[in-house]
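S.K.: attaching a predicted model along with its sequence, questions to come.
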Amino acid sequence: MSNKLTFSKCSSEEWDLIVDNSNQSNLFVKSYFLRNSGSKFHLWKIMQGDEIKAGICLNVDDLEKNSIENQFVIHNGIFFNLDNDRTLAKKREDEFQIISFAISNLVSKYDEIFLSLDPKVFDMRPFQWHNYNTQDPKFKISIKYTSTLDLSEFNSEKNEDEMNIFKNLEPVRRYSIRQAKKEKFIVKFSDKPDKFIDLYQKFLKKNKPDFSHKEIATISNIVKEVLIQKKGIVSYIYDDSKNLIYSLVTGWDNTKAYYLYGVGSTEIKKPWQGTAGLWSTFKYIANNNYAKIYDFEGVNSPNRGWFKLGFSGDLVSYYQIKYEKRKVYTN
């Protein structure tokens, strides 16, 4: 297969079709998201004859010479566009050949490469075997984790306390939900991000005085565009005195919903605010049929990781890939 493949630039229109039809589809590589992500990006397509077999998305530096990490683009990399009727064995071989072909082209075009692959890219062998048993540059493969939660039970006729999704919560999460209700919290869903952005700015100024204004500008641009595309919602959590105490932004695509950003008030805090915000958002997404799966997008730091895992979602792994021509990683 590899001797029949070609590697060329991909238009935004072609790219969005690839992503929409790929099993690796995710919100972070939709062209509208990439345009607002704060860095330049390159889109490539791999073709066999007249058929696009895969697409590759890279975030790049200002000189467009190196592929770089972008904290806002959780997943990029390779997205397959293969015939679903192919047998599993054939499809696995196709994916192996395509990744190997992609590697040979990428290392010839970039001195540094960073990929944060979608969880549905499983086969790391082409990366592991590149320049195997030589002293030439190799890829460094790191494993990362996220958590996903099935929301379908919210559409059942069960009372909330009877649902398995509630019973499986960490005890402190169940307590927080009950306490929020006892204290008569209020949740509002909106396509207006102004209050969220204001909360986020105040949080950064207080807790991260040296924060980059580019960071808040990028978050603002992403949130606004997600809402314009009608692919997200802002959740606002108020206490019983109507003080805004927490806000979070959720986006979605044709596969699942994603936690994007969350922030609490710097003035008034409640121990249940984050839990109540997420729980209310789960119900909103499920009841409006926006998605059946909620992706917490990363459980890779201790505090945030344990908080998100307290909702008892599935632990899902994905891979990050690094390559530097001047550095040799061991196999």
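M.R.: Perfect, thanks for sending it. Numbers count the residues shown, from 1 in each chain.

S.K.: relative to Arg173, how far out is Ser265?
M.R.: 20 Å (Cβ to Cβ, to the nearest Å). Every C-beta, even on glycine, is put in place using the N, C-alpha and C of the backbone.

S.K.: repeat that for Leu115.
M.R.: Leu115 is 34 Å from Arg173, by Cβ to Cβ.

S.K.: go on, Lys4?
M.R.: From Lys4 to Arg173 the distance is 52 Å (Cβ to Cβ).

S.K.: then Phe311?
M.R.: 6 Å.

S.K.: thought Ser8 was touching Leu43?
M.R.: No: at 10.2 Å, Ser8 does not count as touching Leu43 under the criterion of Cβ atoms under 8 Å.

S.K.: looking at these two, which is more packed in?
M.R.: Leu43 (20 against 10; other Cβ atoms under 10 Å).

S.K.: beta partners for that one?
M.R.: Cys57 (DSSP bridges).

S.K.: chain center to the lowest-mean-pLDDT helix or strand in the chain, what's the gap?
M.R.: Of all helical and strand segments in the chain, the minimum by mean pLDDT, DSSP states H and E falls on helix 302-309, at a mean of 88. With Cα atoms, centre = their mean, to the nearest Å as the basis, helix 302-309 stands 16 Å off its chain's centre.

S.K.: packing partners of the helix or strand where Ile285 lies?
M.R.: In this assignment (DSSP states H and E), Ile285 forms part of helix 273-287. Helices and strands touching helix 273-287, by 3 or more Cβ pairs under 8 Å, 6 or more residues apart in numbering; DSSP states H and E, are helix 171-182, strand 186-190, strand 232-238, strand 244-252, strand 257-264.

S.K.: and Glu14, which of the ones you listed is closest to it?
M.R.: strand 244-252 (22.5 Å; Cβ to Cβ).

S.K.: parallel or antiparallel, which strands does that closest one pair with?
M.R.: Strand 244-252 is paired, per DSSP bridges, with strand 232-238 (antiparallel), strand 257-264 (antiparallel).

S.K.: could you list the buried residues of it?
M.R.: Neighbour counts over strand 244-252 (16 or more other Cβ atoms under 10 Å) mark 244-252 as buried.

S.K.: and Lys4 and Arg173? Which one has more around it.
M.R.: Shown here are Lys4 and Arg173; by other Cβ under 10 Å, Arg173 has more neighbours (21 against 11).

S.K.: mind listing what that one touches?
M.R.: 275, 279, 310-311 (Cβ atoms under 8 Å, 6 or more residues apart in numbering).

S.K.: could I get the full set of helices for the stretch 51-200 of the chain?
M.R.: 88-109, 125-129, 164-167, 171-182, 194-207 (DSSP state H, counting those that start in this stretch).

S.K.: could I get those as CSV with distance to Lys224 and mean pLDDT?
M.R.: CSV is the format used below for the helices of the stretch 51-200 of the chain (distance: least, Cβ to Cβ, whole Å; pLDDT from 0 to 100):
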stretch, distance to Lys224, mean pLDDT
helix 88-109, 32, 95
helix 125-129, 36, 96
helix 164-167, 31, 96
helix 171-182, 28, 97
helix 194-207, 9, 93
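
S.K.: will you turn those helices into JSON lines that also has distance to Val234?
M.R.: As requested, the helices of the stretch 51-200 of the chain are arranged in JSON lines below (distance: least, Cβ to Cβ, whole Å):
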{"stretch": "helix 88-109", "distance to Val234": "37"}
{"stretch": "helix 125-129", "distance to Val234": "38"}
{"stretch": "helix 164-167", "distance to Val234": "23"}
{"stretch": "helix 171-182", "distance to Val234": "18"}
{"stretch": "helix 194-207", "distance to Val234": "5"}
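
S.K.: doesn't Lys327 fall inside a strand?
M.R.: No: in this structure, Lys327 is coil, not part of a strand, as judged by DSSP: H, G, I helix; E, B strand; the rest coil.

S.K.: skipping its backbone neighbours, what lies nearest it in space?
M.R.: Ranked by Cβ to Cβ, 6 or more residues apart in numbering and with sequence neighbours excluded, the top spatial neighbour of Lys327 is Pro137, at 6.6 Å.
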